[in-house]
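Novice: Turn this into a model:
(one chain, ligands or ions: 2)
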Amino acid sequence: MSLREHALSLFRGAVGTVRPAPMLKRALKLQGDGCPQLLVKGQAFPVKRDLYLVGFGKAVLGMAAAAEEILGDHLTRGIINVPLGIQESLQRAGMQEMLLKPHSKIQVIEGAKNNLPDEEALKGAVAILELAEGLTADDLLLVLISGGGSALLPAPIPPIVLKEKEKLTKMLASRGAAIQELNIVRKTLSMLKGGGLARLAHPAQVVSLILSDVIGDPLDIIASGPTAPSSHSVQDCLQILTKYNLLHNLPKSVQMVLSSSPTKPPAPENYAHVSNIILGSNTLALEEAKRQAEGLGYAALVLSAAVQGEVGRVATLYCQLIQLVCLGFASLGKGPWSDELRGNLLQLAAELQIPGLDLEEFLQTLRGLGPDRPVCILAGGETTVQLQGTGKGGRNQELALRVGMGLHKAQATGASSPQGRCEILFLSGGTDGQDGPTEAAGAFCSPGLVAEALQEGLDVEAFLRNNDSYTFFSQFQGGQHLLVTGLTGTNVMDIQAILIRATERS
Ligand SMILES: Nc1ncnc2c1ncn2[C@@H]1O[C@H](COP(=O)(O)OP(=O)(O)OP(=O)(O)O)[C@@H](O)[C@H]1O
Ligand SMILES: O=C(O)[C@H](O)CO
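Specialist: Numbers count the residues shown, from 1 in each chain. Ligands and ions are numbered 1, 2, ... in the order given. Below is the predicted model:
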């Protein structure tokens, strides 16, 4: 099998493990008929009376379909808020298993066009709020949460109206606020976010099943943490509004809510009736890819599930890592060149501030692998692209193209480049199957990409300048280096795989 076939199979395996149906079937069970119990990853929750389900997020339709199959007649009623048009597009894609059955007890509300809160999403949020408010101590509320949940669960604290909240969110996003910052502000202005849903559902038992699309899987940030205790105060929100120069332009309603917000978030004791359980994450997807890579004979290592930073810097990090592995294959791993490369790599990793990454340790493990086995380095997270051009692309395709350019430059500068002794493949893909506004999930690249593109009259630098990675990959060698999976129905950010094997013994 080619490296490319291996990479594709690893990507599919990683995504497969966090698809709603297998993920829920692994984690959720209902046991006993007389006094049934919900079992989630081994934790038991008695269903004393009624069992309700609510959900919000891009992957929630498939999660709800799988959950209803497991819960059967024990489910009393449910409401889910999902993206506009999702039922039709899943139907069209032939993904029947992600759709609810004809006589489902779960009501589906579609809204949040373009991932922005709207009247439909508000209607759904109000329906969920009313359901939660009416629960008793004998009820159990199962909450399904995935990325995109924030826009699908808008419930602004009066007198704030939806349009005002939407405008503020848009302004924060356009000024470059990170998802953590955006969601801290959303939590402060919402009745349901920041633990609000869980507090409203009290005294019912609340069990939330979460598919994480945020680096580090922070419960209080994913979908703005509607069932998680918030560690943020109104002070944090004010700081963010100040940082983005928005404090002095706030509508009266927002000012009123901010000035009457309690200075401290509700204490953790208010959440004794709640369990938040992460069912799927980038880490889980990478673990599966690692397992499968080992099965294919690779020495497989996970670099990090939290790779973040400007796409060009991240591409450099991957190029340098590839160089180091190839040096190892060429038995050139000791000496000044390697030390310089190592130093650069460590400095770059420090700059990128990848949470939890101990690169020194990673490099040591890498070095200990020995020269004979093919190497698979896996990583995940989300890069950022500062759009300069007007082209069509996504962060994964741009990353792959930049890695291709980096490897080309490294090859051109080193006469005895260690890359010559290695076969190398890089893949980056979005686990949701859609990279930016394109039909592809990502792209593959290898060191020959730039030179081969030139033979077809394609100038990679020019495509990069115009953020036109999708157009490049569509044209280059008939589009065969695009990763096309179609919508996957899940989302745990992006995944990268680097596969390297020696072509000759030195
Ligand atoms: N022409 C382009 N080239 C490179 N990146 C682009 C381009 N156009 C948009 N993007 C990037 O695509 C991203 C938006 O796409 P996408 O919807 O896949 O990501 P998202 O909003 O983070 O959603 P999700 O988390 O569901 O994947 C933004 O990060 C944006 O910078
Ligand atoms: O919905 C949201 O807030 C984002 O997708 C992060 O979870």
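
Novice: from memory residue 289 sits against residue 377, does it?
Specialist: No. At 10.6 Å, residue 289 does not count as touching residue 377 under the criterion of CB atoms under 8 Å. For every residue, glycine as well, the C-beta is placed using N, CA and C.

Novice: Quick check: neighbours shared by the two?
Specialist: Common contacts of residue 289 and residue 377 (CB atoms under 8 Å, 6 or more residues apart in numbering): 300, 497.

Novice: quick one, which of these two is more surrounded?
Specialist: Set residue 289 next to residue 377 and count neighbours by other CB atoms under 10 Å: residue 289 wins out with 27 against 24.

Novice: Grab the nearest non-local neighbour of the more buried one.
Specialist: Using CB to CB, 6 or more residues apart in numbering and skipping the chain neighbours, the partner closest in space to residue 289 is residue 14 (4.0 Å).

Novice: Then residue 474?
Specialist: Distance criterion CB to CB, 6+ apart; nearest residue to residue 474, sequence neighbours excluded, is residue 482 at 6.7 Å.

Novice: what are the phi and psi angles of the one you found?
Specialist: Here is the backbone geometry of residue 482 (degrees, to the nearest 10): phi -80, psi 140.

Novice: what are the bridge partners for it, then?
Specialist: Bridge pairing for residue 482 (DSSP bridges) gives the partners residue 443.

Novice: That one reaches residue 440, doesn't it?
Specialist: Yes. Proximity of residue 482 to residue 440 meets the contact threshold set by CB under 8 Å, at 4.4 Å.

Novice: Quickly list what's touching both of those two.
Specialist: Joint contacts of residue 482 and residue 440 (CB under 8 Å, 6+ apart) are 397, 470, 473.

Novice: Make JSON lines out of these and add pLDDT.
Specialist: Shown next, in JSON lines, are the shared contacts of residue 482 and residue 440 (pLDDT from 0 to 100):
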{"residue": "397", "pLDDT": "98"}
{"residue": "470", "pLDDT": "98"}
{"residue": "473", "pLDDT": "98"}
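
Novice: Most neighbours of all the residues you listed, which one?
Specialist: residue 397 (35 neighbours).

Novice: Show me how far stretch 495-506 is from its chain's centre.
Specialist: 26 Å (CA atoms, centre = their mean, to the nearest Å).

Novice: average pLDDT across that stretch?
Specialist: Stretch 495-506 carries an average pLDDT of 84.

Novice: Equivalent analysis for stretch 94-109, please.
Specialist: 95.

Novice: Just the buried positions in it, please.
Specialist: By neighbour count on 16 or more other CB atoms under 10 Å, the buried set for stretch 94-109 is 95, 98-100, 106, 108-109.

Novice: Now, the residues you listed that are in strands?
Specialist: Counting by DSSP state E, the part of those found in strands is 106, 108-109.

Novice: If we ignore the residues flanking it in sequence, what's nearest residue 387?
Specialist: Once flanking residues are discounted, residue 387 sits nearest to residue 467: 5.4 Å by CB to CB, 6+ apart.

Novice: Stretch 296-308 and ligand 2, are they touching?
Specialist: No. If you take CB under 6 Å from any ligand atom as the test, stretch 296-308 misses ligand 2, and the best it gets is 13.7 Å.

Novice: For the remainder of this discussion, apply numbering that starts at 31.
Specialist: Okay, using 31 as the starting number, the last item reads as stretch 326-338.

Novice: can you give me the strands in the stretch 381-530 of the chain?
Specialist: 405-414, 452-460, 472-475, 512-513, 524-532 (DSSP state E, counting those that start in this stretch).

Novice: Buried deepest among the ones you listed, which one?
Specialist: Of the strands of the stretch 381-530 of the chain, the one with the most neighbours on average (mean count of other CB atoms under 10 Å) is strand 472-475, at a mean of 29.

Novice: which one of the buried residues of stretch 124-139 is nearest ligand 1?
Specialist: Lowest distance from ligand 1 to these (CB to the nearest ligand atom) belongs to residue 128, with 15.9 Å.

Novice: how about the closest residue to residue 179 other than its chain neighbours, what does it touch?
Specialist: Nearest residue to residue 179, sequence neighbours excluded (CB to CB, 6+ apart): residue 253, at 2.6 Å. Applying CB under 8 Å, 6+ apart to residue 253 gives the contacts 86-87, 175-180, 182-183, 223, 240.

Novice: And residue 253, how close does it get to residue 397?
Specialist: 41 Å (CB to CB, to the nearest Å).

Novice: Test my guess that the residue nearest to residue 319 contacts residue 318.
Specialist: Yes. Counting by CB under 8 Å, residue 318 is a contact partner of residue 44 at 5.3 Å.

Novice: Okay, and residue 172 sits in which element?
Specialist: strand 170-175 (DSSP states H and E).

Novice: ditto for residue 74
Specialist: strand 73-76.

Novice: Quickly check: the very next helix or strand once past that strand near ligand 2 or not.
Specialist: Sequence order places strand 81-86 as the next helix or strand after strand 73-76, per DSSP H and E. No. Using CB under 6 Å from any ligand atom, strand 81-86 stays clear of ligand 2, coming no nearer than 8.4 Å.

Novice: any residue of strand 81-86 up close to ligand 1?
Specialist: No. Using CB under 6 Å from any ligand atom, strand 81-86 stays clear of ligand 1, coming no nearer than 13.9 Å.

Novice: Measure how that strand sits relative to strand 170-175, angle-wise.
Specialist: Put simply, strand 81-86 runs at 20 degrees to strand 170-175, going by axes from the mean of the first three to the mean of the last three CA atoms, to 10 degrees.

Novice: if I read this right, residue 422 contacts residue 500, doesn't it?
Specialist: Yes. Counting by CB under 8 Å, residue 422 touches residue 500, with 4.4 Å between them.
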